[in-house]
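Colleague: got a structure for you, letters missing:
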């Protein structure tokens, strides 16, 4: 086989529909757009237009508010942290920081910080250093003999 002999499998590519190329093509003259009217013209976008009637998206009530600068935290549960400790992916001798959690693969990326929740069993005597933690999570870690340090989130680089 030579380079000039390479080609796609039969039926893998479909040639595009060329409209307005004469009566023999079956898509000549009006090019499949019918006769006259707004939709036969070029440069027309009719998304969500309902012929002058108030469109559905405007008739429905709007509720709530989305904060444009809301913080997005990477959330982890204590049960998962314990599982990673048991598997030897997290070293409890050193302080468990957000970077250590990322390095272990428990958290994909830190986002605006890591927040720990109390779901699951936690038995390791470990010190955690994270951006946020629920009351239950702090209690569970302290009950196991560890400590949770809440650190200020790193300022976003602008």
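Modeller: Structure received. Here the structure is a predicted model, which means the values were calculated and not measured.

Colleague: so where do the strands sit in the protein?
Modeller: For the chain, applying DSSP state E gives strands covering 74-77, 96-97, 114-117, 127-130, 132-133, 147-150.

Colleague: OK, contacts around the spatially closest residue to residue 34 that is not a sequence neighbour?
Modeller: Leaving aside its chain neighbours, residue 34 sits nearest to residue 40 (5.8 Å; criterion: C-beta to C-beta, 6 or more residues apart in numbering). Using the backbone N, CA and C atoms, a C-beta is placed for each residue, glycine as well. Contact analysis of residue 40 by C-beta atoms under 8 Å, 6 or more residues apart in numbering lists 30, 33, 34.

Colleague: measure residue 40 to residue 26 for me?
Modeller: Residue 40 sits 18 Å away from residue 26, going by C-beta to C-beta, to the nearest Å.

Colleague: cool, and residue 113?
Modeller: Counting by C-beta to C-beta - residue 113 and residue 26 are separated by 61 Å.

Colleague: the two: which is more packed in?
Modeller: When neighbours are counted by other C-beta atoms under 10 Å, residue 113 comes out ahead of the other of residue 113 and residue 26, with 18 against 10.

Colleague: list the residues that contact that one.
Modeller: By C-beta under 8 Å, 6+ apart, the neighbours of residue 113 are 71, 73, 74, 98, 130, 131, 132, 153, 154.

Colleague: quick one, phi/psi of it?
Modeller: The phi/psi pair for residue 113 (degrees, to the nearest 10) reads phi 140, psi 170.
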